[in-house]
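*Asks:* 3D, please:
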Amino acid sequence: MRIRPAVKDDHKALCAIDAIAASDPKRCADIAGWIEEGCCHLVEIEGEVAAYGVLTHHFFGHGFIEMLMVGAPWRRRGLGAALIARFQSMASGEKLFSSTNMSNRPMQDLLVKAGFRPSGYIDNLDENDPEIVFYSPLKPAG
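*Replies:* Numbers count the residues shown, from 1 in each chain. This next block holds a predicted model:
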């Protein structure tokens, strides 16, 4: 397994593993933007793109895992956990946040296993499916 920053040539492969991109062209545009901004990282296994994640720093000045997507054939193999651990090591500051829908139990469980704690929720983003915000304290540098 290799984790590396995504580059423009990875765009097609990232869209192919994204469960939303097939039916939502905006997601492919988002992926292109994340690549261009340099905040998209991917997991390669034997040269094949298997997962990706996006780490930004525009959530009130804190690191935020904006997206985490593991291709269907690669799920339950620790790739999401590996990306989260990489982002925890890369994030600047003392706090890292992420969020997921209340209906997304696998992501909630993954975040908790990675040391995140629920930190509140946001209503009205998705109809009848609140967004739970999670927080992970980071060890200060030094």
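*Asks:* who touches stretch 18-35?
*Replies:* Around stretch 18-35, the neighbours that count as contacts under CB atoms under 8 Å, 6 or more residues apart in numbering are 6-8, 10-11, 14-15, 40, 52, 54, 66-67, 69, 72. The C-beta positions use only the backbone N, C-alpha and C, and glycine is treated the same way.
*Asks:* which SS state does I3 fall under?
*Replies:* Assigned by DSSP: H, G, I helix; E, B strand; the rest coil, the conformation of I3 is strand.
*Asks:* so how far is M107 from S119?
*Replies:* From S119 across to M107, the span is 15 Å (CB to CB, to the nearest Å).
*Asks:* so which of these two has more stuff around it?
*Replies:* In terms of neighbours (other CB atoms under 10 Å), M107 is the more surrounded of S119 and M107; the figures are 17 against 14.
*Asks:* so that one makes contact with M69?
*Replies:* No. Because the distance of 10.3 Å does not satisfy CB atoms under 8 Å, M107 is recorded as not touching M69.
*Asks:* picking up where we left off before, among the contacts of stretch 18-35, which two are most distant?
*Replies:* The largest distance within these, taken as CB to CB, falls between K8 and A72 and amounts to 24.2 Å.
*Asks:* what's the burial count for the nearest residue to I122 once chain neighbours are set aside?
*Replies:* Nearest residue to I122 in three dimensions, chain neighbours excluded: E131, at 4.4 Å (CB to CB, 6 or more residues apart in numbering). The tally of other residues near E131 (other CB under 10 Å) stands at 16.
*Asks:* which residues does E131 contact?
*Replies:* Residues in contact with E131, defined by CB under 8 Å, 6+ apart, are 99-102, 121-122, 125.
*Asks:* could you dump those residues to a markdown table with distance to K113, secondary structure and pLDDT?
*Replies:* Compiled in a markdown table, the contacts of E131 are given as follows (distance: CB to CB, whole Å; DSSP: H, G, I helix; E, B strand; the rest coil; pLDDT from 0 to 100):
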| residue | distance to K113 | secondary structure | pLDDT |
| --- | --- | --- | --- |
| S99 | 16 | strand | 97 |
| T100 | 13 | strand | 97 |
| N101 | 18 | strand | 96 |
| M102 | 18 | coil | 96 |
| Y121 | 20 | strand | 94 |
| I122 | 23 | strand | 95 |
| L125 | 24 | coil | 89 |
